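Enquirer: Sequence and predicted model, in that order:
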Amino acid sequence: ESATHDVFLVPGPVTFLSPLMAIVIAVLTREVLYALYIGTFLAALVVSRYDPFQAFLRVLDTYLPRSLGNIDHAFVILFTWFLSGLIACISKSGGSFGVAELSRKFAKTRT
């Protein structure tokens, strides 16, 4: 009795698509968490044999819960949120302008 197996091969360059798109989206939009979600979705799309519905479901029921269930990942996400909130508060209160004014004393050239 013989058995057959169905093997799904992914072309090599396709494997770079997910992290590359996540980096490009993060740089262009400055929204890192959304970029990571889109990168995760693109990777799930490849794993699910390019079925977008299955990819979306796998992200929601498998990849995100496992990732957020890991305490180290949760700490990184919380740290990122709190750090971005702190930077936003400093910018709104004029703190970044104050640092720029303070550093003007030490600048050698005008730009």
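Expert: Good, I have the coordinates. Numbers count the residues shown, from 1 in each chain.

Enquirer: What residues does the residue positioned nearest the centre of the chain make contact with?
Expert: With distances taken as CA atoms, centre = their mean, L36 lies nearest the centre of the chain, 2.4 Å away. By CB atoms under 8 Å, 6 or more residues apart in numbering, L36 lies in contact with A22, A26. All C-beta atoms are positioned from the backbone trio N, CA, C, and that covers glycine.

Enquirer: What distance do you get for it to S93?
Expert: Distance from L36 to S93, counting by CB to CB, to the nearest Å: 29 Å.

Enquirer: Please apply the same query to F75.
Expert: Distance from F75 to S93, by CB to CB: 27 Å.

Enquirer: Give me the residue ranges of this structure where confidence is low.
Expert: Per-residue confidence for the chain (pLDDT under 70) gives these ranges: 110-111.

Enquirer: How is it divided into domains?
Expert: Domains of the chain are assigned by automatic domain parsing as 1-69, 70-111.

Enquirer: highest average neighbour count across those?
Expert: Burial of the domains of the chain is given as mean neighbour count (mean count of other CB atoms under 10 Å); domain 1-69 ranks first at a mean of 13.

Enquirer: Relative to the whole chain's centre, how far out is that domain?
Expert: How far domain 1-69 lies from its chain's middle: 12 Å, per CA atoms, centre = their mean, to the nearest Å.

Enquirer: now the end-to-end length of it.
Expert: Domain 1-69 stretches 43 Å from its first residue to its last (CA to CA, to the nearest Å).

Enquirer: Make 366 the first number, not 1, from now on.
Expert: In the new count, where the first residue is 366, that last one comes out as domain 366-434.
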